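In: Predicted structure and sequence below. I'll ask about it afterward.
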Amino acid sequence: MASAPELKIGQKVSEGKTKQIFELVDQPGLVLVQSKDQITAGNAVRKDQMEGKAAIANKTTSCVFKLLQESGKD
């Protein structure tokens, strides 16, 4: 298995209920999207942690972007 390059994470660009977005210092125009294990309901009135949720969310997001890329749509 190939190792991933080390990312130099810059400032936080945005944060929501389920994700944080950070600049990548050495890669202008690209960002790191970091999912949280947090789940919410009722517009975040109820919050809880669900271990492994972030990994599932990242996999789902990656698959969506791959499908979009393969379809030729930006």
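Out: On my side now, so go ahead. Numbering: from 1, shown residues only.

In: CA atoms for contacts and neighbours, from now on please.
Out: Fine.

In: With adjacent residues omitted, what lies nearest to Val33?
Out: Nearest in space to Val33, with sequence neighbours left out and distances taken as Cα to Cα, 6 or more residues apart in numbering, is Ile21 at 4.6 Å.

In: Dihedrals phi and psi, the one you found?
Out: Main-chain dihedrals, Ile21, degrees, to the nearest 10: phi -120, psi 130.

In: In this structure, where is pLDDT below threshold?
Out: Scanning the chain for pLDDT under 70 picks out 1-4, 73-74.

In: Quick check, central residue of it?
Out: By Cα atoms, centre = their mean, the mean C-alpha position of the chain lies nearest to Val33, the distance being 3.1 Å.

In: Give the partner strands of the helix or strand hosting that one in its sheet and their orientations.
Out: Using DSSP states H and E, Val33 sits within strand 31-35. Its sheet considered, strand 31-35 pairs with strand 19-24 (antiparallel) by DSSP bridges.

In: buried ones in the strand it pairs with?
Out: Residues of strand 19-24 classed as buried by neighbour count (16 or more other Cα atoms under 10 Å): Lys19, Ile21, Phe22, Glu23, Leu24.

In: can I get those in JSON lines with distance to Gly42?
Out: Output for those, formatted as JSON lines (distance: Cα to Cα, whole Å):
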{"residue": "Lys19", "distance to Gly42": "17"}
{"residue": "Ile21", "distance to Gly42": "23"}
{"residue": "Phe22", "distance to Gly42": "27"}
{"residue": "Glu23", "distance to Gly42": "30"}
{"residue": "Leu24", "distance to Gly42": "33"}
